[in-house]
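> Turn this into a structure:
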Amino acid sequence: MIKNNFFAQNLVKFFDRSLTVQNRGLTIIRIISIFFIIVTVVLFFIQLVTYSRIRASLPPGSRIAGVPVGNLDRQEAADRLVKAYSIPVEIHYGDAVIQIKPSVIGFELDLQTMLTAADQQRINQSFWVGFWEFLWNRIPQPDEVPLRAEISEERLRLFLEQEIAVRYDRPSTAAIPVPGSTSFAAGESGTKLDIDRAVILIKDALQSPTDRFVNLTFENVDPIRPSMQNLQILLQQVIDVSGFDGLTEIYLLDLQNRQEVSFAYQNGQTVQPGIAFTAASTMKIPIMVSVFKRTDEPAPVEVSNQISLMIERSENDPADRLMENVLEGNLGPLTVTDDLKEMGLENTFLAGYFYPGAPLLRRFETPANLRTDVSTDPDFYNQTTAVDMGILLDDIYQCASKDGGTLRAIYPDEVTQTECQTMLDYLAKNRIGVLIQAGLPEGTQIAHKHGWITEVDGVIHTISDAGIVYSPGGNYVLVVFLYHPVQLVFDTANLLTAQLSSAVYNFYNLTIN
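Okay, the predicted model is just below:
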């Protein structure tokens, strides 16, 4: 009995001890479990707070208009954008470096639109879906928001014109006459800002947060051509330097733009142009026109031969035969004069044949020979002015080159374009190597007629040359009349005319630096 009680007591003690150990183990597990639950909850809330803060800002990796703005709030992102796009654009124009503030040329960011677009990407995804992705470190890469800005092209263009071009363009310089020579000092080429291209380049730079450097392009500007007034000054200087104390009249017509130089000059003083001169052999140009007016194409061989002798060799007998046989017999010179009047050349006439002792068929008064301020004692038989002769050559040129001009207008059925070209071909064969032709480079084409006569006192008083010069820089009509009341020495007149011709040629064919 005593043994049984002892056994029972020990068994109870054993079970009590086992239960105590078991309860102690459960308590530890319980404590550990609670600890992990608490840690999990804490970590959850930490991550939740972290995500909430991230969600309150722009998503990591966000870029607006090329500027990184991830993890910034709206105001911070706006400040960063303004800072990036307020950096001046640096432009290089030649050696000049200019910085332009974007605000000066009308550049303005549309911050509201860009920030709203970036923010929209954040709120498009629900909070808890986003949080779940965040927990798994699956943060989506946001799309870049493109630049939204306003650029005032009008203000930019105005700035370039008024601030850059005006200040930094390099103007070209004009060629100027060289005193004492027949040449012009070559002008310098300049530069002109290519504004249209500059607008494109600067707009591109304004829209980049990093590439804010621009090399402006420019156009080369040829030197300014000297004016016709500059040319007249040079021609007068040439006359002064030559020491010629007679009377000079020059008529020049630009066959491209129709600009003229027309002046008379004597002893350093200008004289009203339109002076009556003895025409001499330059009158053979109107004779040729009258003959072609009355001759069908092709001209008879005899007529062609006589024209050739009249123009190329400047012989008088062929001129008389043409007027007698093709025109109006004894009144041939008056027929030439009538044709000239029809063409509006009121200061040019032919009052008799060329042969010695030919009768004066009529005495003509013209506005030119009625002048009292100046006189060259012109021949009663044939007279002209530099202007009239230049206009006639222009009429032939316009007829030949464009099938236009006065000749075609008043003689549409009598004078053809082909005939006008034939007239110029005859004039181009008049190669004498003096006067205007002497002042031209070798090989330059010229269609011209010269004229001078030994007058009753046995000396020459008037020498003239009228022609069309074909040059690389432009075609032109040039007429030069020289007169001296005592005697006009041929060598003096030839040298001066050649120098005047050279000056005009150099004007049309300037050297460009």
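> Now do the buried residues in the host helix or strand of L478.
Taking DSSP states H and E as the criterion, L478 maps to strand 474-483. Going by neighbour count (16 or more other Cβ atoms under 10 Å), the buried part of strand 474-483 is 475-483. C-beta coordinates here come from the backbone N, C-alpha and C atoms, glycine included.
> now swap in stretch 346-365 and tell me
Across stretch 346-365, burial judged by 16+ other Cβ under 10 Å covers 347-354, 361, 364.
> ok, so of those residues, who is nearest D394?
T348 (13.9 Å; Cβ to Cβ).
> and that closest one, what is it in contact with?
T348 sits next to 279, 283, 286, 337, 340, 366, 383-385, 388-389, 392 when contact means Cβ atoms under 8 Å, 6 or more residues apart in numbering.
> if you set the cut-off to 6 Å instead, what comes out?
Residues near T348 by Cβ atoms under 6 Å, 6 or more residues apart in numbering: 340, 384, 388.
> on that earlier part again, can you put the buried residues of strand 474-483 in TSV and add distance to Y85 and pLDDT?
Converted to TSV, the buried residues of strand 474-483 look like this (distance: Cβ to Cβ, whole Å; pLDDT from 0 to 100):
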residue	distance to Y85	pLDDT
N475	58	98
Y476	59	99
V477	63	99
L478	64	99
V479	68	99
V480	69	99
F481	73	99
L482	74	98
Y483	77	98
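> Could you dump those residues into CSV with distance to P209 added?
Formatted as CSV, these follow (distance: Cβ to Cβ, whole Å):
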residue, distance to P209
N475, 58
Y476, 59
V477, 64
L478, 65
V479, 69
V480, 70
F481, 74
L482, 75
Y483, 79
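> so what secondary structure elements neighbour the strand holding L478?
strand 247-254, helix 386-402, strand 460-471, helix 490-508 (3 or more Cβ pairs under 6 Å, 6 or more residues apart in numbering; DSSP states H and E).
> Doesn't E108 belong to a helix?
No. Counting by DSSP: H, G, I helix; E, B strand; the rest coil, E108 falls outside a helix, being strand.
> And for the residue lying closest to it once chain neighbours are set aside, the neighbour number?
Leaving aside its chain neighbours, E108 sits nearest to E150 (4.8 Å; criterion: Cβ to Cβ, 6 or more residues apart in numbering). Using other Cβ atoms under 10 Å, E150 has 9 neighbouring residues.
> sec struct for E150, please.
Under three-state DSSP, the three-state class of E150 is strand.
> and it, what pLDDT?
We note a pLDDT of 89 for E150 in this prediction.
> now do L510
We have a pLDDT of 81 for L510.
> from what I can see it touches A175, true?
Yes. Assessed by Cβ atoms under 6 Å, L510 is found in contact with A175 at 5.1 Å.
> List the residues that are in contact with both of those two.
Contact criterion Cβ under 6 Å, 6+ apart; residues shared by L510 and A175: F184.
> of the two, who's got more company?
Using other Cβ under 10 Å as the criterion, L510 and A175 rank with A175 on top: 23 against 19.
> what would the helices and strands packed on strand 474-483 look like in TSV with distance to L216 and mean neighbour count?
As requested, these are exported to TSV (distance: least, Cβ to Cβ, whole Å; neighbours: other Cβ atoms under 10 Å):
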stretch	distance to L216	mean neighbour count
strand 247-254	36	24
helix 386-402	43	23
strand 460-471	37	24
helix 490-508	34	21
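> Of these, which is nearest R197?
The closest of the helices and strands packed on strand 474-483 to R197 is helix 490-508. By Cβ to Cβ, the value is 33.0 Å.
> The closest one vs strand 247-254, what angle?
The directions of helix 490-508 and strand 247-254 differ by 30 degrees, with axes from the mean of the first three to the mean of the last three Cα atoms, to 10 degrees as the criterion.
> so how far is helix 490-508 from its chain's centroid?
31 Å (Cα atoms, centre = their mean, to the nearest Å).
> still on that earlier bit, among the buried residues of stretch 346-365, which are located in strands?
349-350 (DSSP state E).
> Reformat the buried residues of stretch 346-365 into JSON lines and put pLDDT and distance to P300 next to each item.
Formatted as JSON lines, those follow (pLDDT from 0 to 100; distance: Cβ to Cβ, whole Å):
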{"residue": "N347", "pLDDT": "98", "distance to P300": "32"}
{"residue": "T348", "pLDDT": "98", "distance to P300": "27"}
{"residue": "F349", "pLDDT": "98", "distance to P300": "27"}
{"residue": "L350", "pLDDT": "98", "distance to P300": "23"}
{"residue": "A351", "pLDDT": "98", "distance to P300": "28"}
{"residue": "G352", "pLDDT": "97", "distance to P300": "26"}
{"residue": "Y353", "pLDDT": "97", "distance to P300": "21"}
{"residue": "F354", "pLDDT": "96", "distance to P300": "22"}
{"residue": "L361", "pLDDT": "97", "distance to P300": "26"}
{"residue": "F364", "pLDDT": "97", "distance to P300": "31"}
